[in-house]
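> show me how the following folds:
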Amino acid sequence: MSHTPFHTKEDVHPKMDSRLSKIWDAAEVYGARSFDNYAKIRSVAETLRDLLCTWLHRGDEPCVYLVPPEGPFQAQNYQSGAFSVSGQGYLPLKPISFGLAVRISENKDYMRLQLHCQKEGELMKISIGKESPMAVTLPLDETQLTPVFEMIYGHILAFFQDSVAQYDEGDYGTSVIGFDIYRVPE
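Numbers count the residues shown, from 1 in each chain. Okay, here's the model as predicted:
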């Protein structure tokens, strides 16, 4: 049974200009827009994944993966499973979240950041967790991503630096970090 309120029944054919046909027309437009929304957000996410690693490190080994925004994950690309709408059947027309796993050590530890994307007109607003969003213009020009890369880099670096400073001052701070850390098994 589907977890969505939608179910397909093939033998109903409404009359033209009936109320049911108008619902079907509206649902068809909704479906097209929701797919467009997903496709644009997925394109931004995949571009972030591909270019962030190059921006962070010029090596050959991957250092950023698209992972689910919540729940268990491993350092691998999850394709469509990396998005909050995965497995929902009928795509909802709403902001979409995804996870970016960024390598944070030589020991192959990865930190997952939860990113949220929301399309507003020709803008794509991107935020980490509950932070303020940063907007990029669509269609995406890769040069616009440098501030997004700096936001991600600053977020990760600040977590470690702030945690060490709090510890050195005798205060562990809060136990809520806003992301998960995963070590790749040897």
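> now do the buried residues in the biggest helix by length in the chain.
Looking across the chain with DSSP state H, the single longest helix is helix 19-56. Within helix 19-56, the residues scored as buried using 16 or more other Cβ atoms under 10 Å are 34, 37-38, 40-42, 44-45, 48-49, 51-53, 55-56. All C-beta spots, glycine's among them, are computed from the backbone N, C-alpha and C.
> pull the one helix or strand residue 101 maps to out as PDB, backbone CA atoms only.
In the assignment (DSSP states H and E), residue 101 maps to strand 96-103. Written as PDB, here are the backbone C-alpha positions of strand 96-103 (Å, rounded to 0.1, in the frame of the first residue of the first chain):
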ATOM      1  CA  ILE A  96      13.400  19.100  -1.000                       C
ATOM      2  CA  SER A  97      16.200  18.000   1.300                       C
ATOM      3  CA  PHE A  98      19.200  15.900   0.600                       C
ATOM      4  CA  GLY A  99      22.400  14.900   2.400                       C
ATOM      5  CA  LEU A 100      26.000  15.700   1.500                       C
ATOM      6  CA  ALA A 101      28.500  13.400   3.100                       C
ATOM      7  CA  VAL A 102      31.900  15.300   3.200                       C
ATOM      8  CA  ARG A 103      35.100  13.400   4.100                       C
END
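> and which of the buried residues of helix 19-56 is nearest to residue 80?
residue 42 (7.6 Å; Cβ to Cβ).
> roughly how far apart are the closest one and residue 164?
Residue 42 sits 36 Å away from residue 164, going by Cβ to Cβ, to the nearest Å.
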